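# Sequence and predicted model, in that order:
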Amino acid sequence: MEKTISLRPLPAGLTDGEIILRIAASDHSWRKGNAAVWEMRKIIDTRPPRMTFLGGPHSIAPGGAGVVSFMLDESAALSGLQAGNSFFPAYEAGGGRYFVWYALPCDAPPDVPFIGVAEDEAGNRTNVHFRPDVKSVRIKSDVLTLTDAFFEGVVPYFKSLDPSLKGTDLEIFLAVNRDQRARDDERLQAICRDTGPRPLWRGTFLRLPRSKTMAAFGERRTYLYNGREIDRQIHLGVDLASVRNCPVPAANAGRVVFAGPLGIYGETVILDHGCGLFSMYCHLSRIDAAVSSSVARGDVLGLSGATGMAGGDHLHFAMLVHGVFVDPVEWWDARWIQNNVAIKMESE
């Protein structure tokens, strides 16, 4: 037998606190019948957690990252920050304080809502608006003119990975640049769920030594072939070129969560730096890192190359916060880290 008892709103005479739930049953056997009583102590809790954001001012740019702390007056089964369609979980710092690494996609609308969320064990939820100053950024653009020689260089790589790819080189390129790119993003979302609860890194992130920037983060790319537009995509990393097959160092201390082929990115290594922060090293010609191993800042992960969707030897370097791509330039900047990360995590 099952019976549902609604406690929202609380029945008359009940208040938050400890109760004794007593169930009694008896039958109609001879004389006084048989009786049984079952009791259980429970807690009635109808009050949602109280959330208070700390510090400020807070600012973020499209394609940027941020850290925010808040206090809760009780432990929470779920807490974090909802930014548009993305949820960024919080990590406990002790004493009722939590912090969240969050990000704003480079193509996010300027009015994206930010809402702090906390839910206790009883299912009581609180939503608190959080209003960082969203900075405007200049949108970069680039035009890539594709040639038959480029197709001949990249299409065989993808056909070797997926023999089901059929059609002309142009049709295969478009399938990879659109459909494979989308599948890669889904896979990255899964990979980026494997993160530790504490920061593993310190200081600025390393930039590939003695390298030149060939393409910037957030570029809106237009692809041309035979003089006509065939596709558009957003470049979600920084392309760095040095000498051919140059050693690629870990940008900071972390844990290897992926090492192998990853669609358009070719041979790839991904490091977890804790609390949802990841770095990504793509188009490698050789991988020297093993999954689950810990690496120090500067450890060689492999050699640069041209695997995947690459027209020449270079490193595509990317940073992600809980699966959202963010601008690596911020993480190379000691002043940005001090003002936007270190101070917020230490003093709030």
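Ah, there it is.

# Show me the helices in this structure, by range?
Shown for the chain, the helices assigned by DSSP state H span residues 148-161, 169-175, 181-191, 328-331, 334-337, 343-347.

# Check which helices and strands the last one sits against.
The reference is to helix 343-347. strand 65-72 (3 or more Cβ pairs under 8 Å, 6 or more residues apart in numbering; DSSP states H and E). Just so you know, the C-beta spots here come from the backbone N, C-alpha and C atoms, and that holds for glycine as well.

# So what's the gap between the strand it packs on and the chain middle?
Relative to its parent chain, strand 65-72 has a centroid offset of 16 Å by Cα atoms, centre = their mean, to the nearest Å.

# same deal with stretch 122-141?
Stretch 122-141 sits 15 Å away from the centroid of its parent chain (Cα atoms, centre = their mean).

# okay, the helices of the chain, which one's buried deepest?
Among those, ranked by average contacts under mean count of other Cβ atoms under 10 Å, first place goes to helix 328-331 (a mean of 21).

# contacts for it?
In this structure, residues lying in contact with helix 328-331 by Cβ atoms under 8 Å, 6 or more residues apart in numbering are 64-65, 204-205, 207, 217, 237-238, 251, 279, 317-319, 336-337, 340.

# Go again with 6 Å.
Phe205, Val238, Phe317, Met319, Trp336 (Cβ atoms under 6 Å, 6 or more residues apart in numbering).

# coming back round to it: in TSV: the helices of the chain, plus distance to Asn34 and mean pLDDT.
Putting the helices of the chain into TSV (distance: least, Cβ to Cβ, whole Å; pLDDT from 0 to 100) gives the following:
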stretch	distance to Asn34	mean pLDDT
helix 148-161	70	94
helix 169-175	72	96
helix 181-191	55	97
helix 328-331	71	97
helix 334-337	72	95
helix 343-347	63	73
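
# Of those helices, which is nearest Ile43?
With Cβ to Cβ, the closest approach to Ile43 among the helices of the chain belongs to helix 343-347: 33.4 Å.

# rewinding a little: name the nearest of the contacts of helix 328-331 relative to Gly56.
Nearest to Gly56, judged by Cβ to Cβ, of the contacts of helix 328-331 is Trp336 at 16.8 Å.

# List the contacts of that closest one.
Contacts for Trp336 (Cβ under 6 Å, 6+ apart) come out as Glu330.

# before we move on, what about Ser279?
By Cβ under 6 Å, 6+ apart, Ser279 lies in contact with Ala251, Leu271, Met319.

# again, only this time at 7 Å
Phe205, Ala251, Asn252, Gly254, Leu271, His273, Met319 (Cβ atoms under 7 Å, 6 or more residues apart in numbering).

# any chance of the residues you listed in TSV, plus neighbour count?
Listed next are the contacts of Ser279 as TSV, based on neighbours: other Cβ atoms under 10 Å:
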residue	neighbour count
Phe205	20
Ala251	26
Asn252	22
Gly254	26
Leu271	26
His273	24
Met319	26
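
# Outline the domain layout of the protein.
The chain resolves into domains spanning 51-134, 141-347 when parsed by automatic domain parsing.

# Select, out of those domains, the one closest to Ala25.
domain 51-134 (27.4 Å).

# Quick check: end-to-end length of the closest one?
In domain 51-134, first residue to last residue: 22 Å (Cα to Cα, to the nearest Å).

# The helices of the chain: which one's closest to Ser29?
Between the helices of the chain, helix 181-191 lies closest to Ser29; by Cβ to Cβ that is 59.0 Å.

# what are the phi and psi angles of the spatially closest residue to Lys140 that is not a sequence neighbour?
In space, and not counting its chain neighbours, Lys140 is closest to Glu219: 4.6 Å by Cβ to Cβ, 6 or more residues apart in numbering. For Glu219, the backbone dihedrals (degrees, to the nearest 10) come out as phi -60, psi 130.
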